[in-house]
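1. only geometry, no sequence info:
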């Protein structure tokens, strides 16, 4: 498990980067850290103005796989195992309780990140690893994935 990389995976992130370049989809950056202040979240939620008082600003930090800043789109590529894909996510037999806790924690974090980014005015797009692998093998699946990305960009 120590050899599994969280960034720069050729089956997921680099495959999507190749797909975006091949189809001339521009304006993205990889692994840009987004810092969202809790004051920004409260303003977006419609709680009114934040007065300049003894209010301490905390930042929520997240690093999406791909960021389109101009249209405020955060794109994540989720691995089937690590994020508990309903179709392809497998449960290890050894130390099963620990793995269930790890994968459910990842899913809870994903929901929290989605909710926080959306409250701050960002759109979030999550792509499963298997969807990306199918898209690189068949042209009709590739066009389906590209249409989904294009709709999110528009």
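-> Sure thing, it's come through. Fair warning: this is a prediction, and the values are worked out from it, not measured in the lab.
2. phi, psi for residue 37 please.
-> Phi and psi for residue 37, reported as degrees, to the nearest 10, are phi -80, psi 150.
3. an error on my part: the question was meant for residue 30.
-> Dihedral angles of residue 30 (phi, psi; degrees, to the nearest 10) stand at phi -100, psi 140.
4. how many neighbours does the closest residue in space to it that isn't next to it in sequence have?
-> Closest residue in space to residue 30, ignoring its immediate chain neighbours: residue 66 at 5.9 Å, by Cβ to Cβ, 6 or more residues apart in numbering. No exception for glycine: its C-beta is placed from N, CA and C like everyone else's. Burial measure for residue 66: 23 neighbouring residues, criterion other Cβ atoms under 10 Å.
5. I figured residue 66 hits residue 28, correct?
-> Yes - under the criterion of Cβ atoms under 8 Å, residue 66 lies in contact with residue 28, with a separation of 4.8 Å.
6. so what sits against both of the two?
-> Where contact means Cβ atoms under 8 Å, 6 or more residues apart in numbering, the residues bridging residue 66 and residue 28 through contact with each are 20, 75.
7. got a pLDDT number for residue 46?
-> On pLDDT, residue 46 comes in at 53.
8. hmm, back to that, okay, the residue nearest to residue 30: pLDDT?
-> Looking at residue 66, its pLDDT reads 96.
9. likewise the one 10 residues further on?
-> As summarised for this prediction, residue 76 has a pLDDT of 95.
10. I'd like the numbering to begin with 16 instead of 1 from here.
-> Got it, the first residue is 16 from now on, which makes the last one we talked about residue 91.
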